[in-house]
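J.: pasting a predicted model and its sequence here:
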Amino acid sequence: MAAESISKAVQLLELADWRRRVAELYAEVRNSRDRLHAWGLWRETREQLFMTHSQSPLLSDQRDAAHAPRYFPYDPTLRVLAEVEDSAAEEMALPVSAPGEVNAQKIGVARFTVNGQPRTLAIYWLQEYSGGLFVSFRDATSGSETYGAGRYVLDTAKGADLGMSDQRLVLDFNFSYPPSCSYDPKWSCPLPPRENWLDIPIRAGERI
């Protein structure tokens, strides 16, 4: 019994370390004036974590160069500053990758323009899954060039947060990534709700 408790404690400490390292990485990215350099740092650090950290979403026998994350080329036009509009507080259950649900509250809508086309993404506050702000999306590449169930662009529970600029929310799709369940089905991850399915391709961030 004691051994099991120690094992569980160690797992939680390792999870806390993973989140701490990710939060530190995003803090470096936010503070960098060179966006291309910051993006390169993000990719390099993620690969190191995926290959070496005990909380890596990769299966233990896949922690090698052949299974390292792959990315679209950096596209500066896919870093957008979104106006955030309040929305009536709405409780809902987000879809998840495994049986069950994740309760969340819709707190607002991010309005932005991509390639001259106005689009919106709903912003949620997760009431489970460690809490925090959450923006996920699917797009026209989902299922062919990127993970079919969608990707994350903001997840403050994991420290994945690029902050604000000029009182607008930074959504940089070059930093978008699929949930852990895309690597290992043992993970149960919240997925994009229907209102966050974009009808345009977002060829930025992590790809298949």
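T.: Structure received. Predicted, not measured: the structure shown is a model, and the values here were computed from it.
J.: buried ones in the longest helix that the chain contains, by neighbour count?
T.: Criterion DSSP state H: the longest helix present in the chain is helix 2-31. In terms of neighbour count (16 or more other CB atoms under 10 Å), helix 2-31 has its buried residues at 18-19, 21-22, 25-26, 29. To be clear about C-beta, it is placed using only N, CA and C from the backbone, and glycine gets the same treatment.
J.: likewise stretch 193-208?
T.: So for stretch 193-208, counting by 16+ other CB under 10 Å, buried means 193, 196, 198, 202-207.
J.: dump the residue contacts of the nearest residue to P178 once chain neighbours are set aside.
T.: Nearest non-adjacent residue to P178, counting by CB to CB, 6 or more residues apart in numbering: Y147, 3.7 Å away. Going by CB atoms under 8 Å, 6 or more residues apart in numbering, Y147 touches 178-179, 182, 206, 208.
J.: which members of the residues you listed are the farthest-apart pair?
T.: The most widely separated members of the contacts of Y147, counting by CB to CB, are P179 and I208 (13.9 Å).
J.: in terms of secondary structure, what does the longest helix of the chain contact?
T.: Applying 3 or more CB pairs under 8 Å, 6 or more residues apart in numbering; DSSP states H and E, one finds that helix 2-31 contacts helix 35-52.
J.: what residues sit buried inside the helix it packs on?
T.: In helix 35-52, counting by 16+ other CB under 10 Å, buried: 38-39, 42-43, 45-46, 49-50.
J.: what's the angle between that helix and helix 2-31?
T.: When axes from the mean of the first three to the mean of the last three CA atoms, to 10 degrees is applied, the directions of helix 35-52 and helix 2-31 differ by 170 degrees.
J.: as JSON lines, the contacts of Y147 with pLDDT, distance to L12 and secondary structure would be great.
T.: Converted to JSON lines, the contacts of Y147 look like this (pLDDT from 0 to 100; distance: CB to CB, whole Å; DSSP: H, G, I helix; E, B strand; the rest coil):
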{"residue": "P178", "pLDDT": "96", "distance to L12": "24", "secondary structure": "coil"}
{"residue": "P179", "pLDDT": "93", "distance to L12": "20", "secondary structure": "coil"}
{"residue": "S182", "pLDDT": "92", "distance to L12": "23", "secondary structure": "helix"}
{"residue": "E206", "pLDDT": "98", "distance to L12": "26", "secondary structure": "strand"}
{"residue": "I208", "pLDDT": "92", "distance to L12": "31", "secondary structure": "coil"}
